[in-house]
Each structure stands twice: as C-alpha cells, then as structure tokens.
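Asks: what shape does this take:
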Amino acid sequence: MTDYGKILKTAEGLAALLSGEQRIATVRTVLDFIEADIRLRLDESQATDDPDEAPEEETGTPPIEIVKRWNALTESPIAKAGRLTEGRARKIRTRLKRYPELEAWDTVFRWLNTQDWCTGRTDRGWVVSLNWLIENDDRLQGLYEQATAPQPEGKADVLDALDGHATEDRVRAVFDEAMARS
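Replies: Below you'll find the model as predicted:
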C-alpha cells in the first residue's frame, strides 16, 4: 500500500525550499497525484461480475494489442496512436467485449486507409483517429460492415489494379474493361 503520508511530507519538505506560488503549485501537483492514485485504486477494487465490466483478461486481448495493430496497419496521413491512456484502454476493453475477433479489427484498420473520407482527401480534410473509432460500438460495427460489403461487379477489378503494384498500362486496361461493362 502506498504511504501517502510519506509522499506528502516529502513534498512539503521540498515545497519549503520554494517561494509562495511555486510552493502552492508543488503541493497541488502532489495532491493531484495522490487523488488520481486513490481513484485508480478504487476503480481497480470495484470490479464486478457484470460482463460489461469484464477485465481485459476475460476478453483474451489486452488493449495495448489493439493500439499496436492500429499503429502497424494504418498508413499516413492517419496518425499513429500515442500512449495507452486509461480512458483509451477502457474504451478498447469495452469494444473488445463485443468484437473480440482481432481479424475484424485488422479488416477495419486496413479499410480505413483506402477511404478518402478517413484520410483527409475530401473538402473537409478530416482524418480518422483511433479515439474516434473506439468511441462507440455502432461506429466499429458500421465500419466493419462497410469494409466487408461485396464490391459492385467491375469495381473490385479496378481496386485490385490500383493496389500500388499495377503498371499504368494495367490500370488503364482494367479501367477501360470496367467502363465497357457498365
């Protein structure tokens, strides 16, 4: 157990060496740390049997795995996720309870790279973020449905040719073929 008394006495000793405003700021910082630590310990101690409150061990996947996959599978201009904050971890754990299959997450992450509206290539210039994606279950579900929806005939061929590995002649030929079919 953390000895908050010792922490506070140490802070007071350091604060005594400081002037008025610096002293107050130092004590406030230490008190904020103690308060945050107590809140975190209370959250950890109030585990429930409610499936919506399941810890990450019950989902089988730690939230950091989703952050690693996001960072590995998304491409610029989509920003890499920074550190795993408690709020982000909580939201990821909640999404993992409903969507535990990592391949579904990977599918959405890869698909986002291909969407103009997610990569700033529209007049709005908006770019998707991991925080936006994990905000609610409906968003993740909707994007997965879009990512796995069948492509109209002809469109898949054009998209395959445009995957970055096709020559200009091949792209032109596939485009012409698709246009002829429509």
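
Asks: count the neighbours of Gln151 for me.
Replies: Other residues lying near Gln151 total 11 when counted by other CB atoms under 10 Å. In this view, the C-beta of every residue, glycine as well, is placed from N, C-alpha and C.

Asks: so how far is Thr94 from it?
Replies: 31 Å (CB to CB, to the nearest Å).

Asks: cool, and Cys118?
Replies: For Cys118 relative to Thr94 (CB to CB), the value is 22 Å.

Asks: tell me which of these two has more neighbours.
Replies: Neighbours per residue (other CB under 10 Å) separate Cys118 from Thr94, with Cys118 holding more: 21 against 18.

Asks: quick one: that one and Val127 touch, right?
Replies: Yes. Using CB atoms under 8 Å, Cys118 is in contact with Val127, at 6.9 Å.

Asks: where do the contact lists of those two overlap?
Replies: Taking CB atoms under 8 Å, 6 or more residues apart in numbering as the contact rule, Cys118 and Val127 both touch Ile78.

Asks: can I see the domain layout of the chain?
Replies: Domain assignment for the chain by automatic domain parsing gives 4-45, 51-148, 150-182.
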